[in-house]
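[1] give the three-dimensional model of this entry:
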Amino acid sequence: MSDDRRPPEGPRPRFKRVLVKISGDALKGELPHGISNAAVEAVAAECVEVARLGVELALVVGGGNIVRGADAAGGTLKRATADYMGMLATMINSLALQDAIEALGQETRVMSALKAEEVAEPYIRRKALSHLEKKRIVILAGGTGNPYFTTDTTAAVRAAEIGAEALLKATKVDGVYDRDPVRHRDARRFDKLSYMDCIKGSLGVMDATAITHCMGNSLPIIVFSLKQKGNIRRVVMGEPVGTLVDAGPGDAPTDGAGAPPGRREAPAPRGGLE
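    Here you go, the predicted model:
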């Protein structure tokens, strides 16, 4: 790593490795749909800033700016087909983000759960770990490779697989509220919630499958706004940004779950995977 990419002196990041879930809508900017170059470049700049702090960074990008599987299904279009279309949309977004990140001088790898070897590597956990150790930003495309699973669930599964210390969900709002803050001016934002608070309260943090997976692996979720520049950096530095979803009195890891945050399964051995 060249001198200008060494982690800066000063306070150390709170997390060594994180997974950031970015919605497809974040890449459309002010457009009604599709990809805004300005929006993609802004997200890329945030990610590169965090990577240059020395944080190992994986990304899961949604596809809702192009097609959202659950919404597209109907008529002759089956849900499974619509979900596969959504997975392909995540690949399109991942390639756009890859180019924007690499234009800033940061190495990346796009890894896909769907085979598309001309444009992306197949997702292999040990290989993803090797890329992260080499300080490459890993962009995880194609969902889980299976229909009926959201990109939120993909983010939860992949975060646990790679031993991320936190799942950061970048959204359009600055945390989790008791009701829609756009429609209700008196909506109350939570600073901290338990996993069961989210499931029982149907608060819309993530789908129940994703939250349950995080709870079973003691994986904290931090929900924050991507609209405020520098928020990803603030989160990884440990600043109190957004809403923290973590274990509460009624939350217990399921049988076979991982260790507490920061003490999960050790990564695969280094070397041999480029």
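
[2] and the strands in the chain?
    17-22, 56-61, 108-112, 121-122, 137-141, 166-171, 176-177, 189-190, 192-194, 221-225, 243-246 (DSSP state E).

[3] list the strands paired with the fifth one, with their directions.
    Think strand 137-141. Here strand 137-141 is paired, per DSSP bridges, with strand 56-61 (parallel), strand 108-112 (parallel).

[4] check those strands for me and report the most buried one.
    Ranked by mean neighbour count, the strands paired with strand 137-141 are led by strand 56-61 with a mean of 27 (mean count of other Cβ atoms under 10 Å). Quick note: C-beta positions are derived from backbone N, CA and C, even for glycine.

[5] and the angle for that one with strand 166-171?
    Strand 56-61 runs at 40 degrees relative to strand 166-171, counting by axes from the mean of the first three to the mean of the last three Cα atoms, to 10 degrees.

[6] just the angle between strand 56-61 and strand 17-22, please?
    Calculated by the same axes, to 10 degrees, strand 56-61 forms an angle of 20 degrees with strand 17-22.

[7] now render the strands of the chain as CSV, adding mean pLDDT and distance to Ala160.
    Output for the strands of the chain, formatted as CSV (pLDDT from 0 to 100; distance: least, Cβ to Cβ, whole Å):
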stretch, mean pLDDT, distance to Ala160
strand 17-22, 98, 9
strand 56-61, 98, 12
strand 108-112, 98, 16
strand 121-122, 97, 19
strand 137-141, 98, 13
strand 166-171, 96, 9
strand 176-177, 92, 21
strand 189-190, 93, 24
strand 192-194, 95, 18
strand 221-225, 96, 12
strand 243-246, 96, 15
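
[8] now those as JSON lines including distance to Val48?
    Putting these into JSON lines (distance: least, Cβ to Cβ, whole Å) gives the following:
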{"stretch": "strand 17-22", "distance to Val48": "12"}
{"stretch": "strand 56-61", "distance to Val48": "9"}
{"stretch": "strand 108-112", "distance to Val48": "10"}
{"stretch": "strand 121-122", "distance to Val48": "20"}
{"stretch": "strand 137-141", "distance to Val48": "8"}
{"stretch": "strand 166-171", "distance to Val48": "15"}
{"stretch": "strand 176-177", "distance to Val48": "27"}
{"stretch": "strand 189-190", "distance to Val48": "29"}
{"stretch": "strand 192-194", "distance to Val48": "29"}
{"stretch": "strand 221-225", "distance to Val48": "18"}
{"stretch": "strand 243-246", "distance to Val48": "25"}
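
[9] re the thing from before, need the strands paired with strand 137-141 in CSV (columns: distance to Asp25).
    Conversion of the strands paired with strand 137-141 to CSV gives the following (distance: least, Cβ to Cβ, whole Å):
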stretch, distance to Asp25
strand 56-61, 11
strand 108-112, 20
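
[10] looking at these, spot the one closest to Ala80.
    Nearest to Ala80 among the strands paired with strand 137-141 is strand 108-112; the distance by Cβ to Cβ comes to 18.0 Å.

[11] now for the residue nearest in space to the middle of the chain: which residues touch it?
    Geometric centre of the chain, nearest residue: Lys21, 1.9 Å, by Cα atoms, centre = their mean. Applying Cβ atoms under 8 Å, 6 or more residues apart in numbering to Lys21 gives the contacts 59-60, 62, 151-152, 155, 167-170.

[12] rerun that using 10 Å as the cut-off
    Contacts for Lys21 (Cβ atoms under 10 Å, 6 or more residues apart in numbering) come out as 58-62, 140, 151-152, 154-156, 158-159, 167-171, 206, 210, 221, 223.

[13] can you give me the neighbour number for the residue nearest to it when sequence neighbours are not counted?
    Excluding the flanking residues, the one nearest Lys21 by Cβ to Cβ, 6 or more residues apart in numbering is Ala155, at 3.9 Å. Ala155 is flanked by 31 other residues according to other Cβ atoms under 10 Å.
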